[in-house]
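>>> requesting a structural model of the entry that follows:
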Amino acid sequence: MNMAERTMADGTKSAGRLERVLRAGDFAITAETGPPDSADPADVLARAGCLKGLADAVNVLDGAGARAHLSPLATAAILAQAGIEPVIQFTMRDRNRLALEADVLGAAALGVHSLLCLTGDSVEAGDQPDAKPVFDLKSNEFMALVRAMRDEAVLPGGRALSAPPRLLIGGADAPREPQAGSEPAGLRAKIDAGADFFQTQFCFDLGMLRRYLAWLGDHGIPERTHIIVGIGPIRSARSARWMNENLFGVHIPDDVIARLDGASDPRAEGIRICVELLQELREIDGVAGAHLMAPHGEQACAEAIAESGLRPGAGS
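Below is the predicted model:
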């Protein structure tokens, strides 16, 4: 029995730390990094190196804001070589299914163990609005494709894979106030397509989150997947207001904005708020972990994780 067969025989999907943490029921902490506008691998580690030993895995953004940066595949490989487990994001905006399939195989070959399937920002939001969007597949279709490549060792055209990509499949979610009589149809469809875990949009309203998770529990969702809740160190009240106005599905509560507004050091206060959220999320049933996000804020995310006390010895 080869290593791939042994991996599947014990029920695992990948050989990554993130899956091990989630399967063990431990509190997972993930973060994210934006690939630099650079061809120098040192610039990748200058940004994300601070997260080593703190985050269980680090997401690599794929053309965030519809702007070109260093390839996410190259960025993920650089992180993996440096001992930082990457979660590579795949947007449906830029590549057709042939290119996506090739990059899935490439990611697995380069030491990536997890991916996150996303639609992607519209090209009109970026700095090259004349670019042609692709959207050959929807994110659900891509998840199903990756699952077939992984579990059945076959490409969509029917050709067999001698070594399938052992990848944990992730999807995106946005917590919201549950509506009476509503069903989590979108989330269920992603799970049916192959989503093993979800990372959510920013969620700073833990009361709403508890109600949302209770609603998901009523529909059996937590038994089928892992929910990693998005938070982050907000650097100022102005940033919080911008997020409320411009990010879909995001609501920063007034009391959080007031704390940032009244702080003598808003950056430090934003980290304190993030630390408090990390500690509270750890105690909420149905939360498998936290996903820390902050544009160009890898260092602030690392500080929040270290100060939370959830990674003993991280600062020593």
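>>> now the helices for this protein?
Under the criterion DSSP state H, helices of the chain are mapped to 3-9, 17-24, 41-48, 72-81, 97-109, 139-151, 185-193, 206-218, 237-246, 254-262, 266-281, 298-308.
>>> next one: the residue nearest the centre of the chain from Q89, what distance?
By CA atoms, centre = their mean, the mean C-alpha position of the chain lies nearest to Q199, the distance being 4.8 Å. For Q199, the distance to Q89 (CB to CB, to the nearest Å) stands at 10 Å. For every residue, glycine as well, the C-beta is placed using N, CA and C.
>>> what residues are shared contacts of those two?
Shared contacts of Q199 and Q89, defined by CB atoms under 8 Å, 6 or more residues apart in numbering, comprise 59, 116.
>>> looks like Q128 contacts G63 (just checking).
No: counting by CB atoms under 8 Å, Q128 stays clear of G63, with 10.5 Å between them.
>>> of these two, which one has the most company?
G63 (22 against 10; other CB atoms under 10 Å).
>>> that one reaches G120, doesn't it?
Yes: counting by CB under 8 Å, G120 is a contact partner of G63 at 6.7 Å.
>>> give the residues shared as contacts by these two.
Common contacts of G63 and G120, defined by CB under 8 Å, 6+ apart, comprise 91, 93-94.
>>> OK, contacts around G249?
The contact partners of G249, taken as CB under 8 Å, 6+ apart, are 174-176, 201.
>>> from K52, how far out is R17?
From R17 over to K52 the distance is 12 Å, taken as CB to CB.
>>> quick one: P156 from D136, how far?
Distance, P156 to D136, using CB to CB: 11 Å.
>>> more crowded one of these two?
Higher neighbour count among P156 and D136: D136, with 16 against 13, using other CB under 10 Å.
>>> so who does that one touch?
Counting by CB under 8 Å, 6+ apart, D136 touches 92, 95-97, 100.
>>> now, which of those residues sits nearest A57?
L100 (20.7 Å; CB to CB).
>>> so what's the residue count around the closest one?
Neighbourhood size, L100 [other CB under 10 Å]: 21.
>>> got a list of what it touches?
L100 sits next to 90, 92, 136-137, 142, 145 when contact means CB under 8 Å, 6+ apart.
>>> which pair in the residues you listed spans the largest distance?
Maximum distance among those (CB to CB): 12.1 Å, for F90 and D136.
>>> follow-up on the earlier one: weed out the non-buried ones from the contacts of D136.
The neighbour-count criterion (16 or more other CB atoms under 10 Å) marks 92, 95, 97, 100 among the contacts of D136 as buried.
>>> next one: the last one from K138, what distance?
In this view, L100 and K138 are 12 Å apart by CB to CB.
>>> quickly list what's touching both of the two.
Counting by CB under 8 Å, 6+ apart, the residues touching both L100 and K138 are M92.
>>> quick revisit: any shared contact partners between P156 and D136?
With contacts taken as CB under 8 Å, 6+ apart, the residues that reach both P156 and D136 are R97.
>>> low-confidence ranges in the protein?
Scanning the chain for pLDDT under 70 picks out the ranges 1-9, 313-316.
>>> which residues touch the residue nearest to K138 when sequence neighbours are not counted?
Once flanking residues are discounted, K138 sits nearest to M92: 6.6 Å by CB to CB, 6 or more residues apart in numbering. By CB under 8 Å, 6+ apart, the residues touching M92 are 100, 117-120, 134-139, 142.
>>> any of those residues buried? List them.
For the contacts of M92, a burial check counting by 16+ other CB under 10 Å picks out 100, 117-118, 120, 134, 136-137, 139, 142.
>>> give me the buried positions along stretch 291-304.
Residues 291-294, 297-304 are the ones in stretch 291-304 that count as buried (16+ other CB under 10 Å).
>>> who is the nearest residue to E32 once chain neighbours are set aside paired with across the strands?
Excluding the flanking residues, the one nearest E32 by CB to CB, 6+ apart is N59, at 3.8 Å. Note on N59: beta-bridge partners by DSSP bridges are E32, V87.
>>> N59 touches P86, doesn't it?
Yes: contact status for N59 versus P86: in contact at 7.5 Å, counting by CB under 8 Å.
>>> more crowded one of the two?
P86 (30 against 26).
>>> wait, what's in contact with the residue lying closest to the more buried one once chain neighbours are set aside?
Residue nearest to P86 in three dimensions, not counting chain neighbours: A76, with 3.9 Å by CB to CB, 6+ apart. Counting by CB under 8 Å, 6+ apart, A76 touches 60, 86, 88, 107, 110, 112.
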